[in-house]
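Trainee: output the structure for:
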Amino acid sequence: MDYQTLINLKLKGLSNQKVADAIGVSRETVRKRWKKYCEEHEKLVEGGLSAEELENTKEKVIAPPSYGSSHRQPRKYTPEIDVLLDKILADEETKSMELTTRKQQLTCRQIHDLVCKEGYDIGLTTITAHVKKKRDKNKECFIAQSYEYGQRFEYDFGEAELFIGGVKQKVQMAVIACPASGYRWARLYTNQKMEVFLDSQARFFTEMGGCFSEGVYDNMRNVVSQFSWKEKVVNEELMKLSRYYGFHVNLTNARKGNEKGTVERSVNVVRNRAFAIRYKFDSFDQAQEYLQEVLDDMNARSKIEEEKKALKSIPQAPYETAIITSAKVNKYSFIRVDNNSYSVPEALVEKTVKVKKYPEHILVLYKTQIVADHPRLSGKNKTCLDIRHYLGTLNKKPGALRNSTVLKQQPVLEEFFKKYFTEKPKEFIEFIRQHKNVPFGELEELYRQEVLLIGKSSEISKQTGSEICAVSSLFIGGD
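Mentor: Just a heads-up that it's a prediction; the model follows:
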């Protein structure tokens, strides 16, 4: 019914019957609505109403009548179903506490299925409405926050799926957000190990040229070494980092991502801006460079330069982010690090060496001397070998060179060997020894230059010998 039309027609003086015919309702309905309107309007004219009564009367005069449903009783939603819903939702809370996540929470459809399995005949929409009402009963209120420059940074990890060199892989993205200035920092890694966690922050502080008063983290393994509902023990490696740079470690409550909401949002924003459109790269380094270009564009409007002025001074030397372990060298002159093998000089067989694990490479030390530096391998059961670690043994066993793993692992070097030294393995070994510090990709060109130089020297020697003979014959003839 068009309530506004009804009132307008009655105000024009039309009879109840004509109004009823015009808007398609019964005459009795018109009479009731008009009578109610007149009664409420008269109250406004007479005045003397309280503030609350005045507002209610205004609403009744202006707004169309509503049909009250507050006294209707549910036909299918019974007290037994209500008790069952409370039990299901209580079990959900227990599960969330045990798993420390709500990502495996039952949906309303799954809850409806559980209710129906108990023999109740009730619709999905009814169950959904009551579940929503119960879950929203104690809706949390959030307090807006604001921070001073240099006061706070927030840390988190995100994950992205990319094609690197045609191979699909998951990469980890360390993200740091500065709430005061709106600055976002990010870097790609292959894992979330402790050395990555430390390296990302050390790089961030170096780039900032200073440190913040506090860092905010969630309860990831790199942050909390022991966790219970009563006590959290902060990882000692993080505490060392905080002492070195001079910031306070602030932990969020369990399942309270909103307490570091700036970085939670930043992970999604950076990932979307960087990799929603482009997700294929020739190499990991190319993906890293592209991410930095995106960040430079995003941060162009931040106030990071003002915030840098408020940061605390940091030590000149960067923090040592390596995780230090030891390893024993086996008979193949390998060491095992994180289920991968790396070569070391042959003289260290059966000796124990110290290993410094960085996110992108590993250093091997014997006593205080660096004896090997390898790019760090991802995955398991892979090998990273350097032929220069085996020159002494290969010189004694040159026949072992042709089918050796160390040669086959370097396709450029293997091609160089097959092209020039197939029948001269000792010469190949000696050439490598003489040019230990030359990259493998440059050896062939260097070898060509040396051969050319030797050829020219030989020609010069022949020419010089001929000239000497000619001069000698002149002298001999003169005599």
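Trainee: show the pLDDT at the closest residue to residue 329 other than its chain neighbours.
Mentor: By the measure of Cβ to Cβ, 6 or more residues apart in numbering, the closest residue to residue 329 outside its immediate chain neighbours is residue 348, 4.8 Å from it. C-beta coordinates here come from the backbone N, C-alpha and C atoms, glycine included. At residue 348, the predicted lDDT confidence score is 95.
Trainee: need the contact list for residue 348.
Mentor: For residue 348, the residues meeting the contact criterion (Cβ atoms under 8 Å, 6 or more residues apart in numbering) are 329, 333, 366, 371.
Trainee: just flag the most distant two among those.
Mentor: Farthest-apart pair in the contacts of residue 348 is 333 and 366; separation 12.2 Å (Cβ to Cβ).
Trainee: which one's more surrounded, these two?
Mentor: When neighbours are counted by other Cβ atoms under 10 Å, residue 333 comes out ahead of the other of residue 333 and residue 366, with 23 against 17.
Trainee: how much space separates the more buried one from residue 425?
Mentor: If you measure residue 333 against residue 425 using Cβ to Cβ, to the nearest Å, the figure is 19 Å.
Trainee: wasn't residue 181 part of a helix?
Mentor: No. Checked against DSSP: H, G, I helix; E, B strand; the rest coil, residue 181 lies outside a helix; its state is coil.
Trainee: still on that earlier bit, what touches both of residue 333 and residue 366?
Mentor: Here residue 333 and residue 366 have 344, 348 as joint contacts, going by Cβ under 8 Å, 6+ apart.
Trainee: ok, residues contacting stretch 281-295?
Mentor: By Cβ under 8 Å, 6+ apart, the list of residues contacting stretch 281-295 from outside reads 162-165, 171, 173, 184-188, 190, 270, 273-274, 278.
Trainee: of those residues, buried ones?
Mentor: Neighbour counting by 16 or more other Cβ atoms under 10 Å classes 162, 164, 171, 173, 184, 185, 186, 187, 188, 190, 270, 274 among these as buried.
Trainee: can you tell me which two in these are farthest apart?
Mentor: Using Cβ to Cβ, the two most remote members of those are 164 and 184, lying 22.9 Å apart.
Trainee: is residue 163 in a helix, a strand, or coil?
Mentor: Under three-state DSSP, the three-state class of residue 163 is strand.
Trainee: can you pull out the strands in the stretch 351-479 of the chain?
Mentor: With DSSP state E, counting those that start in this stretch as the definition, the stretch 351-479 of the chain shows strands at residue ranges 352-357, 361-366, 369-375, 383-384.
Trainee: partner strands of the first one, with direction?
Mentor: Neighbouring strands of strand 352-357 in its sheet, by DSSP bridges, are strand 323-328 (antiparallel), strand 361-366 (antiparallel).
Trainee: just the C-alphas of that strand, formatted as CSV.
Mentor: Taking C-alpha atoms only, strand 352-357 is exported to CSV below (Å, rounded to 0.1, in the frame of the first residue of the first chain):
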residue,chain,number,x,y,z
THR,A,352,85.7,-30.8,11.1
VAL,A,353,84.9,-27.4,9.7
LYS,A,354,82.8,-24.4,10.7
VAL,A,355,79.9,-23.4,8.5
LYS,A,356,78.2,-20.0,8.3
LYS,A,357,74.8,-20.3,6.8
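Trainee: what angle sits between that strand and strand 369-375?
Mentor: For strand 352-357 and strand 369-375, the angle between their directions (axes from the mean of the first three to the mean of the last three Cα atoms, to 10 degrees) works out to 40 degrees.
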